[in-house]
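# here you go, sequence then predicted model.
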Amino acid sequence: QKEVEQNSGPLSVPEGAIASLNCTYSDRGSQSFFWYRQYSGKSPELIMSIYSNGDKEDGRFTAQLNKASQYVSLLIRDSQPSDSATYLCAVESTGRRALTFGSGTRLQVQP
Amino acid sequence: SAVISQKPSRDICQRGTSLTIQCQVDSQVTMMFWYRQQPGQSLTLIATANQGSEATYESGFVIDKFPISRPNLTFSTLTVSNMSPEDSSIYLCSVELSRNREGYGYTFGSGTRLTVV
C-alpha cells in the first residue's frame, strides 16, 4: 500500500468551476499536510499547508483535513486555465522532517 | 523565506561518469533534503543532510551511489556516481521555510534535469 495516494487524473473541469483534489495517507500519526502545484518542467510550488482537522482557506484555495479518515483534500474555486498543472499531496511523516509525496493529480481547466 | 539556487539546471552525461549537483541557500538552515523525480513520477526522498554529520539515506539509496556533502549551513552537494540511464531524473534540493504563525512548509530548488546516455 502506498503511503500517500492520489488519483492520477487527468481531472478536467470547465473554467470557473470548482476543482476537487483528494489524497489519502496511511501513517495515522502524520501531523502536517501540504499541497504543491507543479507546472510541467518546473519544481513544486507550495500552495497550502494544513495541520488541524477542518478547513483552511487561502484565496481561491481551501484545504480540508480529516485525520480520523486519513484524508486531505484541496478545493480550487473559480478554476482558471492557469491552474492547469499537477497537484501533489505531501505528508510530513511522524518523527521526521521530510515529505512523502503522492503521485500527483493532473488538473486540466478547459477555457 | 529561503531561496535556493541549484546548479546545474540540466546536464547530459555519459554512463559510468559522475555528476555533482550544488544547492546554495540564502539563509542558514539546519536540514537540507535531496529528492529525485523520475520521468512522469512523483518526488522520492533520497537523503536528509545535516551540517556536521553524515547524511541519512532512505531505503533504496546508498552513500556510495549518492554521496552528499554538507560543509556549512547554507550549502550542500549531491553526487550521482557511476551513472546509468536509470539515473536519468530530475534531482531537487529542498529546505524548510521559516516557521511562523501561519505555519511552515518546504521550498524547492529549480531542479537539475539529468540525462544519462
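Received the coordinates, thanks. Numbers count the residues shown, from 1 in each chain, chains lettered A, B, ... in the order given.
# what count of nearby residues applies to residue B:103?
15 (other C-beta atoms under 10 Å in any protein chain shown). Where you see a C-beta, it was placed from the backbone N, CA and C, and this is true even at glycine.
# any idea which element the closest residue in space to it that isn't next to it in sequence lies in?
Distances taken as C-beta to C-beta, 6 or more residues apart in numbering or on different chains put residue A:49 closest to residue B:103, at 4.6 Å, once the chain neighbours are dropped. Residue A:49 is part of strand A:45-50 when elements are defined by DSSP states H and E.
# now that strand: average pLDDT?
Throughout strand A:45-50, pLDDT has a mean value of 94.
# that strand: what's the following helix or strand?
Counting by DSSP H and E, what follows strand A:45-50 is strand A:54-58.
# packing partners of that following strand?
Here strand A:54-58 touches strand A:45-50, strand A:61-66, going by 3 or more C-beta pairs under 8 Å, 6 or more residues apart in numbering or on different chains; DSSP states H and E.
# output those as CSV; include the columns distance to residue B:81.
Formatted as CSV, the helices and strands packed on strand A:54-58 follow (distance: least, C-beta to C-beta, whole Å):
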stretch, distance to residue B:81
strand A:45-50, 30
strand A:61-66, 39
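# got CSV for the ones you listed, with mean neighbour count too?
Shown next, in CSV, are those (neighbours: other C-beta atoms under 10 Å in any protein chain shown):
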stretch, mean neighbour count
strand A:45-50, 19
strand A:61-66, 18
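# about what we covered before: put the alpha carbons of the strand holding residue A:49 into CSV.
Presented in CSV, the C-alpha positions along strand A:45-50 are these (Å, rounded to 0.1, in the frame of the first residue of the first chain):
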residue,chain,number,x,y,z
GLU,A,45,5.5,25.2,-5.5
LEU,A,46,3.8,25.2,-2.1
ILE,A,47,0.1,26.2,-2.2
MET,A,48,-1.3,25.3,1.2
SER,A,49,-0.4,23.7,4.4
ILE,A,50,-2.8,22.3,7.0
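# roughly how far apart are the most centrally placed residue in chain B and residue B:77?
With distances taken as C-alpha atoms, centre = their mean, residue B:34 lies nearest the centre of chain B, 3.1 Å away. From residue B:34 across to residue B:77, the span is 9 Å (C-beta to C-beta, to the nearest Å).
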